[in-house]
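Engineer: this one's structure only:
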């Protein structure tokens, strides 16, 4: 009886765990008044095909349900899944235009054959560090 119960539980859990995908923390590589450059690590216990992953800014209705503003500036953000030099999958987040707001708050939507995932990110943009000239 116990063996049968364990077998049934494993059948219910395995399909979901094999297709699990998560989003890690965001790493910022730019400053205020520069085009946005950041990376989000994709976390997966199993290999995932890069071509299978679609990433975008969540739609207006999702922002509304979450109680978040979706300013026009966020539509400038671009999301691109890619393989890092370390062999891990990342989402490159970027913009063509310089970001002049000190912080951004946005929802990322990731879709793949195993499901859909939403995660909120807040990015605080510090002014660029300017080094004083040597000898002053």
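Structural biologist: All right, it came through fine. None of the values given here were measured: they were computed from a predicted structure.
Engineer: Tell me which residue is most central in this protein.
Structural biologist: Most central in the chain under C-alpha atoms, centre = their mean is residue 40, positioned 4.5 Å from the mean C-alpha point.
Engineer: Mind listing the residues bridging to that one?
Structural biologist: Listed beta-bridge partners, residue 40: residue 26, residue 91 (assigned using DSSP bridges).
Engineer: Quick check, it in contact with residue 94.
Structural biologist: No - counting by C-beta atoms under 8 Å, residue 94 is not a contact partner of residue 40; they are 11.5 Å apart. Glycine gets a C-beta too; all of them are placed from N, C-alpha and C.
Engineer: what residues are up against the closest residue to residue 58 other than its chain neighbours?
Structural biologist: Of all residues beyond its chain neighbours, the one nearest residue 58 is residue 107 (3.7 Å), with distances taken as C-beta to C-beta, 6 or more residues apart in numbering. By C-beta atoms under 8 Å, 6 or more residues apart in numbering, residue 107 lies in contact with 57-58, 62-63, 66, 68, 118-121.
Engineer: Setting aside sequence neighbours, what's the nearest residue to residue 54?
Structural biologist: residue 111 (4.6 Å).
Engineer: buried residues in stretch 83-94?
Structural biologist: Using 16 or more other C-beta atoms under 10 Å as the burial criterion, the residues of stretch 83-94 that qualify are 89-94.
Engineer: Lowest-confidence one in the residues you listed?
Structural biologist: pLDDT across these is lowest for residue 89, at 90.
Engineer: How many residues are close by the nearest residue to it once chain neighbours are set aside?
Structural biologist: Distances taken as C-beta to C-beta, 6+ apart place residue 42 nearest to residue 89, at 4.0 Å, with adjacent residues excluded. Each residue near residue 42 was counted by other C-beta atoms under 10 Å, and the total is 24.
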